[in-house]
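[1] My questions are about this predicted structure, shown below with the sequence.
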Amino acid sequence: MATFQYQARDAGGATHRGVMEALSESDAARKLKSSKLFPVSIKAAAHGGRRRIPEEHIIRFFFDLSELLVAGVPVDRALSLISTNQTHKRFQRVVQELFEGVQAGNDLSGAMSQYRDVFGALSDHMIRAGEASGTLGPILKRLAQYLEQRRLFRQTMLSAMIYPVILVGTSLVSAVILLVYVIPRFAQIFRELNQPVPFVTQILIGTGLWLREYGWVIPLLAVVALIAGKYLLRRPGARSALDNLLFRLPFSRYLVMFSEMTRFCRTLGTMIESGVPLLRALTLGQGLILNSRLRESMNPLHQDIKAGRSISNFFRSHGEFPARMATILRISEEQGNLGAGLLSLSEYFEKELQRTLQRIMAMAEPMVILFTGGFIGIIVMSMFSAIFSINNIKF
């Protein structure tokens, strides 16, 4: 059962507001009418937070449901079978409630509309299109494949950053250990011998003493900076300034363009292939673009489509987009296969993104090694310089 907020009127015109439990919006409307109330608005009550379900469970759910529907199993029976096989308890409850909603007379999209925080708006549009066209099973498989490709795309992005982060983290830990625990021991030896400390070693000793006494300030400042950064990025002006900066810098421009176009083209192509109307698919696809500079540049696209212009003409007339987009989309439009062209572009942009990341990592790794190695080398050389200077002690 889900919770709904409603506004209704009685026979005398008086307004009634409240909260009720029902399987769906249509079920809530039936309950209100049975109470001689005429619903004005019904909407799902706000939850305490987004229901966190691991994405692999959702992907497996769509794959399993697709296979069962293609095999001829009714929707309610398929949901019942899938719910008994769920290992995630919270998601098992969600599937069980979907089963109850379908048994109560709702279609699958109606039952799932109460769980957009779990399945997402993309799933809602595609399932509605599948029900309307009678191809729900194949579209559920296409949806599962899309979610799987999106998950692998994110994992590829994260994997590319693991080695540099580990390298930098290990180097910083080694440097801190040398500064905080090793260098001060040399300072104690020099004080006992009344020996002057070399200048570089003095700086390192001072840095180590400061880290020992006030090192706790650094993580505190990092947390404050993180919180302040999140606050600033919520302000449209700061977010827009950052997005514009990222779009102008040479390397980040390509990363932003390729990653955003991969997501946009894959989403739009998947929805068009599933029978979702172009304007509705464009609205959702554009909403998935994170960079505000790029998202705003696509605002005229809706008006162009409404005016009867082609989508390829829009990308041809806007020079910030890769020329390949207009070419591939024009060919796809001429062949009457726009969705396939968009999916082909998503694969192209994903490969270009991976190549760009590989080039950046190939350049960054030696730079990180040289920088961290040089820093640790300075520490080691200052220690040896201090050791050699002990030979000059006059007894």
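    Cool, the structure landed.
[2] Next, count neighbours for Leu342.
    27 (other Cβ atoms under 10 Å). For every residue, glycine as well, the C-beta is placed using N, CA and C.
[3] quick one: it from Ile272, how far?
    From Leu342 over to Ile272 the distance is 7 Å, taken as Cβ to Cβ, to the nearest Å.
[4] same check, this time on Ala323
    22 Å.
[5] More neighbours: those two, which one.
    Comparing Ala323 with Ile272 by other Cβ under 10 Å, the one with more neighbours is Ile272, at 23 against 10.
[6] how about that one, secondary structure?
    Here Ile272 takes the helix state, with states given by DSSP: H, G, I helix; E, B strand; the rest coil.
[7] Pretty sure it sits against Gly336.
    No. If you go by Cβ atoms under 8 Å, Ile272 and Gly336 don't touch, sitting 11.4 Å apart.
[8] Find residues that contact each of those two.
    Common neighbours of Ile272 and Gly336, using Cβ atoms under 8 Å, 6 or more residues apart in numbering, do not exist here.
[9] what pLDDT does Thr267 get?
    As predicted, Thr267 sits at a pLDDT of 84.
[10] Find the nearest non-adjacent residue to it, please.
    Gly285 (4.7 Å; Cβ to Cβ, 6 or more residues apart in numbering).
[11] Contacts only, for the one you found.
    Phe264, Thr267, Leu268, Met271.
[12] The third one reaches Leu343, doesn't it?
    No. Judged on Cβ under 8 Å, Leu268 makes no contact with Leu343 at a distance of 9.0 Å.
[13] Which of the two has more residues huddled nearby?
    Between Leu268 and Leu343, counted using other Cβ under 10 Å, Leu268 has the larger neighbour count: 25 against 21.
[14] What residue, apart from its backbone neighbours, is nearest that one spatially?
    Leu268 sits nearest to Gly285 (Cβ to Cβ, 6+ apart), 4.1 Å away.
[15] quick one: the one you found from Phe264, how far?
    5 Å.
[16] for Lys306, same thing?
    Taking Cβ to Cβ, one finds Lys306 at 19 Å from Phe264.
[17] Then Gln86?
    In terms of Cβ to Cβ, Gln86 sits 32 Å off from Phe264.
[18] Of these two, which one has the most company?
    Higher neighbour count among Gln86 and Phe264: Phe264, with 24 against 18, using other Cβ under 10 Å.
[19] Tell me if I'm right that the more buried one and Gln286 touch.
    Yes. The pair Phe264 and Gln286 qualifies as a contact (Cβ under 8 Å) at a distance of 7.3 Å.
[20] Scan the protein for its longest helix.
    Looking across the chain with DSSP state H, the single longest helix is helix 338-389.
[21] Could I get the average pLDDT for that helix?
    The model assigns helix 338-389 a mean pLDDT of 81.
[22] Could you shift the numbering so residue one becomes 57, and keep it that way?
    Happy to do that; since the first residue is 57 now, the last one works out to helix 394-445.
[23] which other helices and strands contact that helix?
    Judged by 3 or more Cβ pairs under 8 Å, 6 or more residues apart in numbering; DSSP states H and E, the packing partners of helix 394-445 are helix 192-233, helix 239-248, helix 255-270, helix 306-329, helix 379-390.
[24] tilt between that helix and helix 306-329?
    Between the axes of helix 394-445 and helix 306-329, defined by axes from the mean of the first three to the mean of the last three Cα atoms, to 10 degrees, the angle is 150 degrees.
[25] For the stretch 57-206 of the chain, just list every one of the strands.
    Along the stretch 57-206 of the chain, counting by DSSP state E, counting those that start in this stretch, strands occupy 58-65, 71-78, 94-100.
[26] other SSEs contacting the last one?
    When contacts are defined as 3+ Cβ pairs under 8 Å, 6+ apart, strand 94-100 packs onto strand 58-65, helix 81-90.
[27] Which one of those has the poorest average confidence?
    strand 58-65 (a mean of 70).
[28] bridging residues for Tyr62?
    Gly74, Ile98 (DSSP bridges).
[29] where's it relative to Met168, distance?
    Counting by Cβ to Cβ - Tyr62 and Met168 are separated by 20 Å.
[30] now swap in Ile138 and tell me
    13 Å.
[31] Also Gly128?
    For Gly128 relative to Met168 (Cβ to Cβ), the value is 21 Å.
[32] Then Cys321?
    25 Å.
[33] still on that earlier bit, relative to the whole chain's centre, how far out is the longest helix of the chain?
    23 Å (Cα atoms, centre = their mean, to the nearest Å).
[34] That one vs helix 255-270, what angle?
    120 degrees.
[35] pLDDT below threshold where in the protein?
    Across the chain, the ranges flagged by pLDDT under 70 are 57-59, 61, 73-80, 100-107, 251, 442-451.
[36] Can you report how many residues lie near Ala382?
    Neighbour tally, Ala382, other Cβ under 10 Å: 19.
[37] That one reaches Ser368, doesn't it?
    Yes. With contacts counted by Cβ under 8 Å, Ala382 reaches Ser368, the gap being 5.1 Å.
[38] Identify the contacts common to the two.
    In contact with both Ala382 and Ser368: no residue, using Cβ under 8 Å, 6+ apart.
[39] How about the contacts made by the closest residue to Ile367 other than its chain neighbours?
    The shortest distance from Ile367 to any non-neighbouring residue, by Cβ to Cβ, 6+ apart, is to Leu385 (5.7 Å). Going by Cβ under 8 Å, 6+ apart, Leu385 touches Ser366, Ile367, Ser368, Phe371, Leu394, Gly397, Leu398, Leu401.
[40] Next up, the contacts around the last one.
    Right, the one you point to is Leu401. Leu401 touches Met317, Cys321, Gly325, Arg380, Met381, Ile384, Leu385, counting by Cβ under 8 Å, 6+ apart.
[41] Turn the buried ones among those residues into a named PyMOL selection, would you?
    Applied in PyMOL, the following selects the buried portion of the contacts of Leu401 according to 16 or more other Cβ atoms under 10 Å:
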select buried, resi 317+321+325+381+384+385
